[in-house]
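Novice: Just to be clear, the model below is a prediction. Sequence and coordinates:
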Protein chains: 2
Amino acid sequence: MYGSSRWRISDSARRQMTMPRGMEVVVPRGFSFSTAEAAIKKPGRKDLALIFSEKEAVISGVFTTNEVKAAPVRIDMERIRLGKGQAIVANSGNANACTGERGIRDALELSGMVASSIGVKADRVFICSTGVIGTPLPMERITQKIPELINGMGRSSIDDAATAIMTTDTFPKIAGRVIEIGKVRVHIAGMCKGAGMISPDMATMLCFLMTDALIERKALSHALRDAVDDSFNRITVDGERSTNDTVLAMANGMAGNRVIRDGSRAFRTFASGLSEVTEELSRLIVRDGEGATKLVEIIIKNAKSRGDAEKAAFNIANSLLVKTAIYGNDPNWGRIMAVLGYSGIVVQEDTCDISIGRVKVCRKGIATGRDSEAADMLKADEVRIVVDLHIGNASSKVLTCDLTEEYVRTNAEYRT
Amino acid sequence: MYGSSRWRISDSARRQMTMPRGMEVVVPRGFSFSTAEAAIKKPGRKDLALIFSEKEAVISGVFTTNEVKAAPVRIDMERIRLGKGQAIVANSGNANACTGERGIRDALELSGMVASSIGVKADRVFICSTGVIGTPLPMERITQKIPELINGMGRSSIDDAATAIMTTDTFPKIAGRVIEIGKVRVHIAGMCKGAGMISPDMATMLCFLMTDALIERKALSHALRDAVDDSFNRITVDGERSTNDTVLAMANGMAGNRVIRDGSRAFRTFASGLSEVTEELSRLIVRDGEGATKLVEIIIKNAKSRGDAEKAAFNIANSLLVKTAIYGNDPNWGRIMAVLGYSGIVVQEDTCDISIGRVKVCRKGIATGRDSEAADMLKADEVRIVVDLHIGNASSKVLTCDLTEEYVRTNAEYRT
């Protein structure tokens, strides 16, 4: 109908350092893309993307926990109950959040136009927006571009679509895996955008996952929830949570595998493939955190409880003083101790060990005198900080990035 | 003994814009100051200060709630139980935190030296440190300077002492009030340092309050607790809480007033004078927040509960996206809505009003279209943001500052 099922290989995928060597993103059967320029925030770039599945897919979603939800989020949360989807239309440059009834009307109108153009029911079309909050969508400019978007189906690559949904992202983010379900090759691919307002639960982000797996909706939802918990819910750029976070997963069954049921062996294979994709995407988001120069892994070991481990990890990851010290290659572990102390967790100063990279900078709460070695570790673009509390056996890991002048500039000038 | 009781007028006090016109800081009777250069972090500035009261004073204190407490904090918390004090010795450049048993020994040795030099019991001397965490004090350099510190008593002004305790502060912070208790003039003066790691409960700060009031210790403690709650516990620069926060209040009774008892009319006069001093000091801390260009008041009105109002106010005040928008003169109220949404408070999008200065930018959750007027409001160096939730009748106010590239630079390069 709108471009046959093709296997396309992503260009940007190969360029990303974090992408395992030799890994390529293959678009699952039956999915195609289209993009258009509607000059939503300003002209000069594609800012509309359409993802289309030849066959109706089962669809699952995870949405922002923010009480203030954008209009498209509210509509998608309603539609997702049916569990069926065939297209996603997304725009960057405007979040259509805090836009009242008008925002809802606009989102309904847009998704309705797309649905009727491609000949599916309105509730099979999902709509997502990202960008500035509080400004109504420039509907005239967008609706003018809908025909172009529909006619162009299949003419854009997954990279093009991932580029069109970018806001302050500096590169498009895609990832994919090929798995085998009963000797049938099944493809999972995803794209996302991130950059700022990134924090659990769920980063400020849109993520669209596609698979040609034949899978029960319940199993898809289960796999998606687990995958999001272990990936997007474990990253933070700035501790902010947006009004628009959305992860959608569509499975159109075109791989021809035997149906995947929840809890089966095939399910575990699928779930682990999906998790790999979301983990890779979440890593790309942090790597591209606004102004970030470093990817930072915060690992808490031997906390009293899982809750304590998570609280400590996220508080360290969100500490401005820790993030700026990392940026400045300063192994200022005292700031980490200070965070541990105010986190409200069970902590004993004289049992804490802190390592930066392979260098232990603090043993039993006091300096080891190895700061200059640790400073060298901080010069890498991936940094691991391990805090061993020696007080229990719970652990946690969180990904974050450093805080730079560029973050401040980006966000001070975001709307100008 | 070490310089007679003099009334000195502060120079820096007059220079501060936030200081009410004509207001002067008068040093309470019997208090004198001394400073010395021990090159604790690096040479080139005074980094030791001594505050001495001719007469033994009653003393109260409020200390950091951080579980990781600096050695001097632990010692002072022990000593404060007796409620008597005659001197405070403070250093900048090194926090003596995360320094283990050695840190305790060093702090005991220093305060012991000061106590024996001035001829008072060791537990009448309080010790405070601020600066880098995790590095032992350079004891040799400091102890060498103790004789100079003792001999110089009375030769430094309150400004000099306030300057010696500065870390990344750009100006010394002092404030004072003169009150009348039964026709007797009573003086209250204070100095503090702040700048970074500023958050409730209590900013990362040292604050020393002096008064010549004759007051029962219980009454002093009561007044101090209330004053701190309404001032230092209502400011945030970066959401960090330090290992060293200390507020000490000494009252030496030399004004000759009738003793002030808790709950009396005289107590209310004293307490309100003390509150004015701590409020002025806390305002100076925020104004001098690391890299700050603006003082920002966040006011939440008509929240469901006091807890909700405080949570909303502090979350907005600590939001990187809000703080950077204010820096960039961008009335991006959508970011405030997003914070309200994730704060976990009772909020209805369609009842929220947001004003920036005198301009309402958001009415009932949607834009009023007055962004350019609001942008002008943001160009002032004091900005008030009022959020009316229209959902209850609780309110809260928090002071904060904007977030700039300079904050990042300051903290990336702090130890270099």
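Specialist: Yep, that arrived.
Novice: pLDDT score for the residue of chain A positioned farthest from its centre?
Specialist: Centroid-distance maximum for chain A: residue A:369 at 38.7 Å, with C-alpha atoms, centre = their mean. Listed pLDDT for residue A:369 reads 93.
Novice: Distance-wise, check it relative to residue A:263.
Specialist: Here the criterion is C-beta to C-beta, to the nearest Å. By it, residue A:369 lies 53 Å from residue A:263. (C-beta placed from N, C-alpha, C; glycine too.)
Novice: Secondary structure element holding the residue farthest from the centre of chain A?
Specialist: Using DSSP states H and E, residue A:369 sits in no helix or strand.
Novice: near chain B, anything from stretch A:328-340?
Specialist: Yes. For stretch A:328-340, a contact with chain B is found by C-beta under 8 Å from any C-beta of the partner chain, at A:328, A:330, A:332-335, A:337-340.
Novice: Please check these and keep the buried ones.
Specialist: Buried subset of the residues of stretch A:328-340 next to chain B (neighbour count, 16 or more other C-beta atoms under 10 Å in any protein chain shown): A:328, A:330, A:332-335, A:337-340.
Novice: Out of the residues you listed, list just those in helices.
Specialist: Among these, the members found in helices (DSSP state H) are A:333-335, A:337-340.
Novice: Make JSON lines out of these and add pLDDT and distance to residue B:378.
Specialist: Listed next are those as JSON lines, based on pLDDT from 0 to 100; distance: C-beta to C-beta, whole Å:
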{"residue": "A:333", "pLDDT": "93", "distance to residue B:378": "37"}
{"residue": "A:334", "pLDDT": "89", "distance to residue B:378": "35"}
{"residue": "A:335", "pLDDT": "89", "distance to residue B:378": "30"}
{"residue": "A:337", "pLDDT": "91", "distance to residue B:378": "36"}
{"residue": "A:338", "pLDDT": "87", "distance to residue B:378": "32"}
{"residue": "A:339", "pLDDT": "89", "distance to residue B:378": "31"}
{"residue": "A:340", "pLDDT": "92", "distance to residue B:378": "36"}
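Novice: Of the residues you listed, which is the nearest to residue B:107?
Specialist: Set against residue B:107, the nearest of these by C-beta to C-beta is residue A:334 (16.4 Å).
Novice: didn't the closest one look like it was pressed against residue B:103?
Specialist: No. In this structure residue A:334 lies outside contact range of residue B:103 using C-beta atoms under 8 Å: 11.8 Å.
Novice: So what's the residue count around residue A:42?
Specialist: By other C-beta atoms under 10 Å in any protein chain shown, the residues close to residue A:42 number 8.
Novice: er, residue A:172 I mean
Specialist: Using other C-beta under 10 Å, residue A:172 has 26 neighbouring residues.
Novice: was I right about it contacting residue A:157?
Specialist: No. Contact between residue A:172 and residue A:157 fails when scored by C-beta under 8 Å: they sit 9.8 Å apart.
Novice: So which residues of the stretch 101-250 of chain A form helices?
Specialist: Ranges of helices in the stretch 101-250 of chain A, per DSSP state H, counting those that start in this stretch, are A:139-151, A:158-164, A:217-229.
Novice: what helices or strands is the shortest one leaning on?
Specialist: It refers to helix A:158-164. Helices and strands touching helix A:158-164, by 3 or more C-beta pairs under 8 Å, 6 or more residues apart in numbering or on different chains; DSSP states H and E, are helix A:11-15, strand A:31-36, strand A:48-63, strand A:173-181, strand A:184-193.
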